[in-house]
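Student: sequence and predicted structure, then a few things I'm wondering about:
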Amino acid sequence: MDNTSVVQQLKEQLDLKEQENQQLQAQLQHLRGWMNSLQQRARANDPHALLVARELYVGGVPEGTTEDDLCSFFNALMTCSGAQLDSGTSVVNCSITRDKGPPYAFIKLRSVQETSNALAFSGIQFRGSTLKVCRPSKYHPDWGVLLGPTSPDPTVNTSMLSIASGSAGGSPLANGGSSEAPRKASNPNRLYISGLPYNWRTQHLQGMLSPFGELKDCVVIVEKMSQKSKGYGFCEFAEGSAVPGVIKALHNSLVEGRKITVKRADEDSAPSSASG
């Protein structure tokens, strides 16, 4: 088969894939329209139900924690894990109660879907305390399902977070009380790479890093709804001996005109919620 035939065959395959993609997009839009109509009807029947569906109970809040502390921590978690659907802050309100035993809080998020995604953080460590994150007792799944998802999106990425043993739902652990996003602790083989071109996806990062050694994991973080890159990602090498060479070769190098940062993911300055 000559080169012309190969190119023509590839073009036909790409055209077919594009047609399939357009068909799937049309089906997705149809389903979204149907779901939106259900949600609008449910909201009209019971406006209070939407407020409850956007609220979460947080137990185990440490003494001395402020509402701003807790909002900042959960917003960082949402950004780090991809549980956030769009830019801006996901948590819009927090109220801590301190007069009935150990402090507990109710946090309100801007959407039902992001509220459900935040359920993935039950068991997170915050200032030495294990937080319990769950629906409030007044939430009823039977009507809640009409307003949006009732459980976290399975694509929420907690792979960079250490999971607490025995926590419900694969709950992550992280250092709390700062604007820094949580990170996987004590893993010298894991790197944080920021300043990436915004057109890059995971395969681009894999292509840049794979010459240095076998990759166990590699991901470029993207916005949930728009699927636009946030400009940073994470990788983990099978052999720790590859890491110093990667940092030496790539840190502060230019990639498509952008200076990238390459450092160990468990360093104090990597990553922050403002990265990328």
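Tutor: Nice, I can see it.
Student: for the rest of this, base every contact and every neighbour count on C-alpha atoms.
Tutor: OK.
Student: next secondary structure after the helix or strand bottoming out on mean pLDDT in the chain?
Tutor: Taking all helices and strands of the chain together, the one with the lowest average confidence (mean pLDDT, DSSP states H and E) is strand 172-173, at a mean of 33. On the C-terminal side of strand 172-173, the nearest following helix or strand under DSSP states H and E is strand 190-194.
Student: state the mean pLDDT of the next helix or strand after that following strand.
Tutor: Under the assignment DSSP H and E, the closest C-terminal helix or strand after strand 190-194 is helix 202-209. Per-residue pLDDT values across helix 202-209 average out to 90.
Student: could you number the chain from 107 rather than 1 from now on?
Tutor: Sounds good: first residue 107 from here, last item helix 308-315.
Student: by contact count, what packs against helix 308-315?
Tutor: Using 3 or more C-alpha pairs under 8 Å, 6 or more residues apart in numbering; DSSP states H and E as the contact criterion, the secondary-structure elements in contact with helix 308-315 are strand 321-328.
Student: and the strand it packs on, what does it pack onto?
Tutor: Other helices and strands packing on strand 321-328, by 3+ C-alpha pairs under 8 Å, 6+ apart, are helix 308-315, strand 335-343.
Student: most tightly packed of the ones you listed?
Tutor: Comparing the helices and strands packed on strand 321-328 by mean neighbour count (mean count of other C-alpha atoms under 10 Å), strand 335-343 ranks first with a mean of 23.
Student: okay, now the sheet partners of that strand, with direction.
Tutor: The sheet places strand 335-343 alongside strand 296-300 (antiparallel), strand 321-328 (antiparallel), with pairing taken from DSSP bridges.
Student: redo those strands as a markdown table? Include mean pLDDT, mean neighbour count and distance to residue 219.
Tutor: Compiled in a markdown table, those are given as follows (pLDDT from 0 to 100; neighbours: other C-alpha atoms under 10 Å; distance: least, C-alpha to C-alpha, whole Å):
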| stretch | mean pLDDT | mean neighbour count | distance to residue 219 |
| --- | --- | --- | --- |
| strand 296-300 | 91 | 23 | 27 |
| strand 321-328 | 87 | 19 | 17 |
